[in-house]
Each structure stands twice: as C-alpha cells, then as structure tokens.
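Q: Turn this into a structure:
(chains A and B)
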There are 2 protein chains.
Amino acid sequence: MSAQKPTLFTCISPALLHLYDLNNAAVVIIDVFRATSTIASALYNGAKCVIPVDSVSKAIALSKNINGIAAGERDGKIADGLEYGNSPLEYHPEFIKDRTLVLTTTNGTRLLQMALDNHAETIITGSFPNLGAVCNFLIQQNKNVVLGCAGWKDRYNLEDTLFAGAVIYHIKEHFTVHCDSSLTAETMYVQHKDDLPGFATKLTHYHRLVERFGLIEDIRFCLTENVANVLPLYKEGLLMKG
Amino acid sequence: MSAQKPTLFTCISPALLHLYDLNNAAVVIIDVFRATSTIASALYNGAKCVIPVDSVSKAIALSKNINGIAAGERDGKIADGLEYGNSPLEYHPEFIKDRTLVLTTTNGTRLLQMALDNHAETIITGSFPNLGAVCNFLIQQNKNVVLGCAGWKDRYNLEDTLFAGAVIYHIKEHFTVHCDSSLTAETMYVQHKDDLPGFATKLTHYHRLVERFGLIEDIRFCLTENVANVLPLYKEGLLMKG
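A: Model (predicted):
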C-alpha cells in the first residue's frame, strides 16, 4: 500500500494566499517578470546571498551597513533612489560574485513577506531559469506544496501561472494535485511550452515591460528554462543557494 | 475613425472584485454550478421573478410575506430549513410559472451583493443555458463589461471561468479585451468547448456535486448552451427577464 501523497495547490494571486494552509508546506514564490528570475540569476552568478526587503529605504539602509548592492523596481522601472534595478541581466558574475544583493520589488518580495506572515514552513523562489532545481527540491522534500503566484498588484497574471504549470507538468506524479488553479496552469503551460516567447506577446506584463521599457532581452531570459539552475532557499531573512 | 471600444475584464474570484471599476459597467454574475443556471431556468420557465437574498432566514421570511418559494443551498445541498434547493431542474414550468423564487446560495448571491456594494451600474446573471442572451445584451449595451466569477468560497473555479471564456469568444470583437484572466478564460473555453461535460469531470466542483450528491443531470444542464435563453436583469432587488 503506497503512502498518501502530499498535496499541491496553486495560488494564483497574493489576495488568495490566506485560503491555503502554509504550515508544514513548501511555498514557492513565483514572480517570473522579473524578481524571482533575477534572484536565480544573481545566485547562479555567484552572489553570496539575496536579501529581499519591502521598501526602498530599507534596501538603501541595509546595503550601506553590509556593503551590499541596493536594487529594485517600482512599477517596472528602477525605483527612485536606487542605482540598480530588477533585471536578471544586470547581475553578471563580474559584478555580483561574492556580493550581497538587497532587493525590493513590487510583487515578488511582497508575496514572500506574506508567506512569512502566514507561517510558511519552507520558502523557495521559482522561475523558468531555475525550474529544474525547484522541481528536484519539491520532490525530495515530499511535503505539501503551495505554488504562490505574485501576480501584478493582486491581479492574476499568466506568466506566473505558466511557471506553476511547468512545475506541475514535471512533478505531478509525486503529489495529489486537485485544484482548478493547478489544472488551468498545467493546461496553459502544455499548450504554450514550445513557444513561450511567442505566447508572451499577448500578456499584459509583456506590454508593460517591452513597449514601455524595451526589456525584450529580459523577457527572453525570464522565459528560458534552466539557464540559472540554482535553488534559492529562504532562511532567517536571506535567500541562499540551497 | 472608429470610436474607442468599451473594455472587458474577467474577475476570477470575488476576492479580487475590488480591483475592477464597476461604475458605468455591466457586471455579469457567473455561478455556473448552479445559482445562475437555476436563475435562468426559473425565469425561462415562467417565474415572475427571482429575488436573491444572502441568508436562509431572509429567504424564509420574505417568501412568507409574498407567497413565494424559499429556496437555496449551503455547501452544495438544500439549506437547512428550506424545502427547495439550487437545482435548475427543480423549476419546471408547472411548478414555477408566475411564482416568485427567493433564492440564497453559497457563492452566486454573495457575489451579486458584492457587486451592488461596489456600485455596479448594471447587473445581469450569466450561465451556459443563457449564453446567447447575455452576449446579445452586452453587445447592445456598448459599455464596459466585468465578467464576475463567483468561484467557491473565494477560490478560483474553472466552470465559471469557462463561461467567461465563452462570452469572450462570442463578443470580443466589440470590446477592448486585454487582461490575462480573459486570455486564460477564452483559451480554456476554446480548448474544451466541444466536450464541456467530458472536461468537467476534472473539476473540483464536479466531484463535490456528482460524487457527493449525485447531481449529474444538473451538471449536464448547467453545461448546455442556450437551453434557457433569457436575460436575468437585476433591478431594485429583483431579477426579471430583461
């Protein structure tokens, strides 16, 4: 007789996070455009750690204290008062190796804080560049999973849901997956996985990033699987390679 | 030069309704399993009107005063204290003609109240049995549209989103449709429209209704397009044929 499989749920907006039991669960923070892709990129390229904070002033103060790099965005562009933004391409090895990135973003770092407030037992961050590492970790953990989509200011967005679908597609046989959000996510991913950049042109966030800020290279990186395949694991305020 | 088209948004959970501007908008309340299908069925079969209320006690008190039929469900079954439930098949012409149905349900009537609280200008209810009437009305109105999915206790569900997708599929050329929720809804509908009952077996609500309560005939009715093709229009506390 096989043991009961752990459950997997997909939460498609931070405004719905309270509906899920995060105790005893591994929570994956998903902010594909671009916070969690940037976190994967920075750690993959040798950053000592990434410290997510919820305000620009905290990012500046903390980075001064520890000689870190204060970075972040508001509404898709580098936040006022910061020198570095939320682009995964900014954090190449020559720049980021052995340094600490203090990062504040509109949606991803906010959702991470909400997961902490809701007593998540284990928190990691996920994005297409580190899809494989996320899947391997979740299988090894063998505990309940909540895939948390950061969305855009509480609105549903498709890029985060597509990544949730990618995770489900790869690990579903290890879990009890029975929620309509997960079914939708996997269906959308399977339908579009062979041309994510082509499909992305239909997404609201694509228009925000590409038409307003010209960030097409960022988009391409953020939609490429396993090009920064590390596991960002949250512990005591820091995201470090797990 | 053509005039600017009105916008169409899809709200996939009542918990997100506050993100949308309902002023000057037509709001479609969608609770496919089963409140809005029941409302269409009752009005199509000759009910004088349907009065949505938010509690069982109100349903009982009001129906006594006006010699109406008190009906409703909680958690998928006939609510304690009520004689009639939320099945569209209960309200056949011999029973419902010229009578008033006072209805309380877990999700649909709650969302309708929320739309009122958020100052929706126009409120109608939508379901597959009255898809055509809903589409015609929205095209004629030529004003902004919010498709409001009732979900299940604030969780996303697919049957309501599939109906939103059906509406979008039929009327999108008349509107500016640019939100990821609408894109997801239409994609899911197009993929499954030729076998909605087959796809429905994967939905959480299907299991709740069919495996626990044996309501397979209800499900079939609720997924059949244009079999009760009336327009339930809300005005001053009543839903009447528009």
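Q: C-alpha only now, for contacts and for neighbours.
A: OK.
Q: just the strands in chain A please.
A: For chain A, applying DSSP state E gives strands covering A:7-11, A:25-30, A:49-52, A:69-74, A:77-78, A:100-104, A:122-126, A:144-149, A:176-177, A:232-235, A:238-241.
Q: Among the ones you listed, which comes closest to chain B?
A: Minimum separation from chain B across the strands of chain A (Cα to the nearest Cα) falls at strand A:7-11, 8.8 Å.
Q: Partner strands of that closest one, with direction?
A: Here strand A:7-11 has these sheet partners by DSSP bridges: strand A:144-149 (parallel), strand A:176-177 (parallel).
Q: of all those strands, which lies closest to B:Gly214?
A: strand A:176-177 (22.8 Å; Cα to Cα).
Q: gap between the closest one and the chain center?
A: Centroid separation between strand A:176-177 and its chain, computed with Cα atoms, centre = their mean, to the nearest Å, is 22 Å.
Q: What lies in contact with it?
A: A:5-9 (Cα atoms under 8 Å, 6 or more residues apart in numbering or on different chains).
Q: Turn those residues into JSON lines, including neighbour count.
A: Formatted as JSON lines, those follow (neighbours: other Cα atoms under 10 Å in any protein chain shown):
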{"residue": "A:Lys5", "neighbour count": "14"}
{"residue": "A:Pro6", "neighbour count": "15"}
{"residue": "A:Thr7", "neighbour count": "18"}
{"residue": "A:Leu8", "neighbour count": "23"}
{"residue": "A:Phe9", "neighbour count": "24"}
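Q: still on that earlier bit, from the strands paired with strand A:7-11, pick the one with the highest average neighbour count.
A: Among these, the stretch with the highest mean neighbour count (mean count of other Cα atoms under 10 Å in any protein chain shown) is strand A:144-149, at a mean of 26.
Q: Return the distance of that one from the chain's centre.
A: The answer for strand A:144-149 is 11 Å, by Cα atoms, centre = their mean.
Q: Near chain B, which residues of chain A are found?
A: Residues of chain A lying close to chain B (Cα under 8 Å from any Cα of the partner chain) are A:15-16, A:19, A:154-158, A:178-181, A:184, A:187-188, A:203-204.
Q: Quick one: buried ones out of the residues you listed?
A: Buried subset of the residues of chain A next to chain B (neighbour count, 16 or more other Cα atoms under 10 Å in any protein chain shown): A:15-16, A:154-158, A:179-181, A:184, A:187-188, A:203-204.
Q: where does A:Asn107 land on pLDDT?
A: A:Asn107 carries a pLDDT value of 88.
Q: give the contact list for it.
A: For A:Asn107, the contact set (Cα under 8 Å, 6+ apart) comprises A:31, A:150-153.
Q: of those, closest to B:Lys235?
A: Closest to B:Lys235, out of all of the contacts of A:Asn107 and judged by Cα to Cα, is A:Lys153, at 32.8 Å.
Q: how close does that closest one sit to B:His18?
A: 12 Å (Cα to Cα, to the nearest Å).
Q: more neighbours, those two?
A: A count of neighbours by other Cα atoms under 10 Å in any protein chain shown puts A:Lys153 above the other of A:Lys153 and B:His18, at 16 against 12.
Q: residue ranges of the helices in chain A, please?
A: A:35-44, A:56-66, A:93-96, A:108-117, A:131-141, A:158-171, A:180-192, A:196-200, A:204-206, A:212-213, A:216-222 (DSSP state H).
Q: Point out where chain A drops to low pLDDT.
A: A:1-2 (pLDDT under 70).
Q: Can you verify my assumption that A:Ser13 contacts A:Val146?
A: No - taking contacts as Cα atoms under 8 Å, A:Ser13 lies outside contact range of A:Val146: 11.9 Å.
Q: picking up where we left off before, check the buried ones among the residues of chain A next to chain B and tell me the two furthest apart.
A: Farthest pair in those (Cα to Cα) is A:Cys179 and A:Thr204. Separation: 24.8 Å.
Q: what's near enough to touch A:Val32?
A: Contacts of A:Val32 (Cα under 8 Å, 6+ apart): A:126-128, A:159-160, A:163, A:222-223.
Q: Most neighbours among these, which one?
A: For those, the largest neighbour count, defined by other Cα under 10 Å, is 37 neighbours, found at A:Ser127.
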